[in-house]
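Q: task: produce atomic coordinates for the following.
(2 chains, ligands or ions: 2)
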Amino acid sequence: MAILEVEKLTKTFGGLTANKEISLQAEANKITAVIGPNGAGKTTFFNMITGVYKPTSGSIKLRGESIGGLKPHTVAKKGISRTFQNIRLFGPITVLENVLVGMHTHLKAGIFGTIFHLPGVDREERIAEREAYRLLEYVGLEEHYNDEAASLSYGSQRRLEIARALATKPSVLLLDEPAAGMNPKETADLTGLIQKIKQEMDMTIILIEHDMKLVMEISDYIYVLDHGELIAEGLPAQIRHDKKVIEAYLGKGAAEEQEAEG
Amino acid sequence: MKKILEQIRGNKWLQLGLLVGYIALTSLSLILAQRSVAAFLLLLLSFLLLYYTKLPNWSKWAIGLAIMFFILPFSAMQGPAYQEYMDVATLVGIYVSMALGLNIVVGMAGLLDLGFVAFFAVGAYTYGIFATAQASNFMPFGTYPLSGNSFWIFIILGCFVAALFGVLLGIPVLRVKGDYLAIVTLGFGEIIRIVFNNLDQPVNITNGALGLSSIAPPKIFGIELLYSNQIYFVVLFILLFVIFAVRSLEHSKLGRSWKAVRENEIAAQAMGIPLVKTKLMAFAIGASFSGMMGVVFAAKQAFIDPTSFTMLQSINILVMVLLGGMGSVPGVILGAAVVTILNAQVLNELTMWFNSLSTAGIITLPDAMSPVKMQRFFFGALLILFALYRSKGLIPAKNVVYDKQKFLSEKGTKKRLQSVAAPKEDEHGHTGS
Ligand SMILES: Nc1ncnc2c1ncn2[C@@H]1O[C@H](COP(=O)(O)OP(=O)(O)OP(=O)(O)O)[C@@H](O)[C@H]1O
Ligand SMILES: [Mg+2]
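A: Ligands and ions are numbered 1, 2, ... in the order given. Have a look, this model is predicted:
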C-alpha cells in the first residue's frame, strides 16, 4: 500500500523547471530512494512534500489526504519528517534539547501550565526527556546528550538530525543525503541504522543519496531524476542496469565499472 | 594566594561563611555610614557573589530573598538617604523585569525589537488614564479617578493590554525579517509615543503632551503606598514572579521553540513549530512583563507624559540585554541592574563629586563634560568594549545541564507520549553500545 502518493508534481523557479511532472509512490514500510546527479531537483522535491516550497502544480497525498501547499509545520504534524542536506541543527543548544524540540507537537504544555508548573507539565517534560534520551541511544549519541549540538562531529550531527526527525514520530521519514561527508565506517553504521529504523519502527523512508553502494544495498525501489525530470524507476537491480540511468547519472567511468562487474 | 583561592573555590561552607561575613560587613557599614553609595552598591554586589557560590539552589534563593526583603531595606532605613536607596532599588526592579521581557523577544526568539518601551508606555497609560479624572472624558459609565485599590487589578490588566499590543505589533511586523524588523519595531515605538502625545483630540484620552498628573497611588488595606520603600515591595513581588516565569519558560516547550526559531526557522517548522504563533507568543509575553511594570511606574511617579517613553529608553533596555548577555537570565538581570544603577546613581554621584571638586577649585570641569551629560558616551563606549571583548555579555547564556538519572528513574515515566513510531521498549537496553 502506498502511504505517500505524489502525482505530476511540478516546480518552476522563474524560467527554470526544477521538477517536471514527477510522480512517485512510497510504499508503507519500504525504503524508496530518489537519486540523480547534482541539480537534478531532488531536494526541491522534498521541499515541496514538506511544505517549504509550494508546488507549481500537481498533488501530494498522505494516506489519501491531500497535503500539497500546506504549511511546513502542518505537514510535520500530519506525520512527515525530514533531515536536511545542509545540516540544520539548533547549534548552540544541547543535543538532548534538539531532540526535545522534535517532540514539540506531542507536548501538551500550555503557557499557564508552564509558568505555574502545573503537575502534568513537569511530568510530561520528564517523560519527553526520557524518550529523547532513548532516541539518542537509538542513534548512538547518548553520551553526548548534554553537549552543544554544534560541537558534534559531522557524522554525529547527521545522526542527531535523524533522531530529531524521529522525535516528531513521523509515519514517513525523508532523508536528504544522510551519508554526505561520512567516512566508510560511518556510512556502514548509518546503513545499519536506517535499516533498523525501517524494521523496528515500521517506518516508511524516502532517501536521497549519492552513495550508490548505500542506495543499492538498502533501497526497495528507486526513482531517478535528471534535469528535473523522472528518467527511470524500478527495483535496484533494474536501475543498476538501466542504460539511461548509467548514461545520465553514473557517467562513463561508472558504466565501465558496471561492465567489469557484470 | 593561589592556594587560598582554590580552597575557596572548592569549599562551599567556606564560601557560605565568607558570603555571610561580606553581607554583614556591607550592611553594617550601610547602617553606620550616614550616606554611602559605596556601601549600598557593595551590599548589592552580594547578589552577584551569591550567584557564583556553589551553594545549592534553594539556599541561594533563601539568602537572596533574605537580602531583598530584610537586610537591604533594614540597613538602608538607618540613614537619611533611605528613600533614595529604595528608589534606586525600585528602579532596578522595574528595569530588570523589562529587560527580562525584552530578553524573551531578542535573546530567546532572536527578534530584534527597537521599540520595546511602547509596551511600558501602554501599561503606564492604562493605569494613568483610569487612575486620574482623564477617563471621565470618554468613558460612558463609572466615576473616575478609580481609587488606588484598583491598582492591583490594573497590574493584571496592564499585563494583558500590553500583551495585546504585542500581538498587534507582531502581526504586521512578522512579515519582515532581520534589519527590516528592527526598523519597523523602531517605527512602532515612535508611533505609540506620538499617538499618546496627540490623543488629546478630538476626545481627550491621554491629555497629550501635558501628560497625566496626580495618578492615584496604590492602596492596600486602606494604606496608600506613597513612598519608594513601600513601592519597593510591590516591585519585588512582581519581579520575583517575572523571574520565576522566565525561568519556567526558558526550559519548557515554548522556550525551546523560541530558541529553535531563532537558530533555524526552516528546521523549526519541520519539527512542527508554527512560526507566526511562536513569534507572537514571544512578543506578547515579553510585552506583558513590560506592561505590568508600566502600571507600577505610573503609580510610583504619579505623573507620566510621553517624554518618559522615548526611543532612547528602548535603546537603554536593549543595552541592558546586550551588556548582560543575550538569552541569559542571570546576565540580563545583572546587565539591567548595572545600567540602571549607573544611570540613576553612580553618574549622579560622580557629577556631584566633580562639582564639589570644581567649587573647591581643585579642577575645573565644563558643564557639558559632567558625567550625567556624558551618559550616552559612557554607554556607547561600554557597548563597543563589550562588542569587541565580551560579545556574549557579562554572564553568557548557558545551556541546561540535564541529569539523566533524574528523567530515567522517575516513577510514572513508564508511560510514554502518545506514540506512533517510537522504538519498542525492550530494544533499548542494548542499542546504546
Ligand atoms: N529557491 C530556489 N530558487 C531558485 N532556484 C532554485 C531554488 N531551489 C533550487 N533551485 C534550483 O533548482 C534546481 C534543482 O535543485 P535541487 O537543490 O533540488 O537539486 P538536487 O537534486 O537536490 O541537487 P544536489 O544533489 O546538489 O543536492 C537547481 O538548478 C537549483 O539551482
Ligand atoms: Mg539536494
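Q: next up, phi/psi of the closest residue to ligand 2 within chain B, please.
A: Among all residues of chain B, residue B:266 sits closest to ligand 2, at 13.9 Å; criterion: CB to the ion. Any C-beta I mention is one placed from the backbone N, CA and C, and that applies to glycine too. Per-residue torsions, residue B:266: phi -70, psi -40 (degrees, to the nearest 10).
Q: neighbours of residue 153, just the number please.
A: Since you didn't name a chain, this refers to chain A. For residue A:153, the neighbour count with other CB atoms under 10 Å in any protein chain shown is 12.
Q: actually it's chain B I care about, not the one you picked
A: Counted with other CB under 10 Å, the burial measure for residue B:153 works out to 13 neighbours.
Q: quick one: which helix or strand includes it?
A: In this assignment (DSSP states H and E), residue B:153 forms part of helix B:151-173.
Q: just checking, next helix/strand downstream of that helix?
A: Using DSSP H and E, the next helix or strand after helix B:151-173 towards the C-terminus is helix B:178-198.
Q: just the CA coordinates for that following helix, please, in CSV.
A: Provided in CSV are the C-alpha atoms of helix B:178-198 (Å, rounded to 0.1, in the frame of the first residue of the first chain):
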residue,chain,number,x,y,z
GLY,B,178,16.3,40.9,10.4
ASP,B,179,17.2,44.5,9.8
TYR,B,180,13.8,45.4,8.5
LEU,B,181,12.2,44.0,11.6
ALA,B,182,14.3,46.3,13.7
ILE,B,183,13.3,49.3,11.7
VAL,B,184,9.6,48.5,11.8
THR,B,185,9.7,48.0,15.6
LEU,B,186,11.5,51.3,15.9
GLY,B,187,8.7,52.9,14.0
PHE,B,188,6.1,51.2,16.1
GLY,B,189,7.7,52.5,19.3
GLU,B,190,7.6,56.0,17.9
ILE,B,191,4.1,55.7,16.7
ILE,B,192,2.8,54.7,20.1
ARG,B,193,4.6,57.7,21.7
ILE,B,194,3.3,60.1,19.1
VAL,B,195,-0.2,58.7,19.4
PHE,B,196,-0.1,59.3,23.2
ASN,B,197,1.3,62.7,22.5
ASN,B,198,-1.6,63.6,20.2
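Q: now do the buried residues in it.
A: Neighbour-count burial for helix B:178-198 flags B:181, B:182, B:184, B:185, B:186, B:188, B:189, B:190, B:192, B:193, B:196, B:197 (criterion: 16 or more other CB atoms under 10 Å in any protein chain shown).
Q: can you pick out the most distant pair from the residues you listed?
A: B:181 and B:197 (24.6 Å; CB to CB).
Q: is residue B:111 in a helix, a strand, or coil?
A: Residue B:111 falls in the coil class when you classify it by DSSP: H, G, I helix; E, B strand; the rest coil.
Q: wait, it touches residue B:283, no?
A: Yes. Judged on CB atoms under 8 Å, residue B:111 makes contact with residue B:283 at a distance of 7.4 Å.
Q: shared neighbours, the two?
A: Common contacts of residue B:111 and residue B:283 (CB atoms under 8 Å, 6 or more residues apart in numbering or on different chains): residue B:105.
Q: so between those two, which is more surrounded?
A: Taking neighbours as other CB under 10 Å, residue B:111 and residue B:283 compare with residue B:283 leading, 28 against 24.
Q: could you say which helix or strand holds the more buried one?
A: Using DSSP H and E, residue B:283 maps to helix B:275-301.
Q: name the element the residue of chain A found nearest ligand 2 belongs to?
A: Residue nearest to ligand 2 within chain A (CB to the ion): residue A:43, separated by 3.0 Å. If you go by DSSP H and E, residue A:43 is part of helix A:42-49.
Q: what's the answer for residue A:59, then?
A: Using DSSP H and E, residue A:59 sits within strand A:57-62.
Q: moving C-terminal of that strand, what's the next helix or strand?
A: For strand A:57-62, the following helix or strand on the C-terminal side (DSSP H and E) is strand A:65-66.
Q: follow-up on the earlier one: and the helix holding residue B:153 with helix B:178-198, angle?
A: Helix B:151-173 and helix B:178-198 are oriented at 130 degrees to each other (axes from the mean of the first three to the mean of the last three CA atoms, to 10 degrees).
Q: in helix B:151-173, what counts as buried?
A: Of the residues in helix B:151-173, B:151, B:154-155, B:157-166, B:168-170, B:173 count as buried by neighbour count, 16+ other CB under 10 Å.
Q: before we move on, back to that, pretty sure the residue of chain A closest to ligand 2 contacts residue A:85?
A: Yes. In terms of CB under 8 Å, residue A:43 counts as a neighbour of residue A:85; the distance is 5.7 Å.
Q: common neighbours of the two, please.
A: Common contacts of residue A:43 and residue A:85 (CB under 8 Å, 6+ apart): A:176, A:208.
Q: quick one: the strands in the chain?
A: Looking at chain A here, since you left the chain open. Along chain A, the segments classed as strands by DSSP state E run A:2-13, A:16-27, A:31-35, A:57-62, A:65-66, A:80-82, A:172-176, A:204-208, A:221-226, A:229-234.
Q: chain B, not that one
A: Under DSSP E, chain B gives strands at B:219-220, B:223-224.
Q: and stretch B:341-358, how far out from the chain middle?
A: 24 Å (CA atoms, centre = their mean, to the nearest Å).
Q: coming back round to it: next, the angle from the helix holding residue A:43 to strand A:31-35.
A: Taking the same axes, to 10 degrees, one finds helix A:42-49 and strand A:31-35 inclined to each other by 130 degrees.
Q: give me the residues contacting stretch B:75-86.
A: Here stretch B:75-86 makes contact (CB under 8 Å, 6+ apart) with B:27-28, B:30-36, B:40, B:43, B:73, B:89, B:227-229, B:232.
Q: any buried residues in that stretch, and which?
A: Within stretch B:75-86, the residues scored as buried using 16+ other CB under 10 Å are B:75, B:76, B:79, B:81, B:82, B:84, B:85, B:86.
Q: let me see the confidence value for the fifth one.
A: You'll see residue B:82 listed with a pLDDT of 73.
Q: again, but for the second one
A: The per-residue pLDDT reported for residue B:76 equals 70.
Q: which helices and strands sit right next to the longest helix along chain A?
A: When chain A is parsed with DSSP state H, its longest helix is helix A:119-139. Packing contacts for helix A:119-139, counted by 3 or more CB pairs under 8 Å, 6 or more residues apart in numbering or on different chains; DSSP states H and E, involve helix A:95-102, helix A:111-115, helix A:154-167, helix B:404-409.
Q: residue contacts, the residue of chain B closest to ligand 2?
A: Contacts for residue B:266 (CB under 8 Å, 6+ apart) come out as A:52, A:72, A:84, A:88.
Q: any chance of those residues in CSV, with neighbour count and pLDDT too?
A: Shown next, in CSV, are these (neighbours: other CB atoms under 10 Å in any protein chain shown; pLDDT from 0 to 100):
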residue, neighbour count, pLDDT
A:52, 18, 94
A:72, 25, 95
A:84, 24, 95
A:88, 19, 95
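Q: near chain B, from the residues you listed?
A: Intersecting the contacts of residue B:266 with the contacts of chain B gives A:52, A:72, A:84, A:88 (criterion: CB under 8 Å from any CB of the partner chain).
Q: dump the residue contacts of the last one.
A: For residue A:88, the contacting residues are A:161, B:264, B:266, B:267, B:270, taking CB under 8 Å, 6+ apart as the criterion.
Q: possible to save those residues as JSON lines with pLDDT?
A: JSON lines is the format used below for those (pLDDT from 0 to 100):
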{"residue": "A:161", "pLDDT": "95"}
{"residue": "B:264", "pLDDT": "93"}
{"residue": "B:266", "pLDDT": "94"}
{"residue": "B:267", "pLDDT": "95"}
{"residue": "B:270", "pLDDT": "95"}
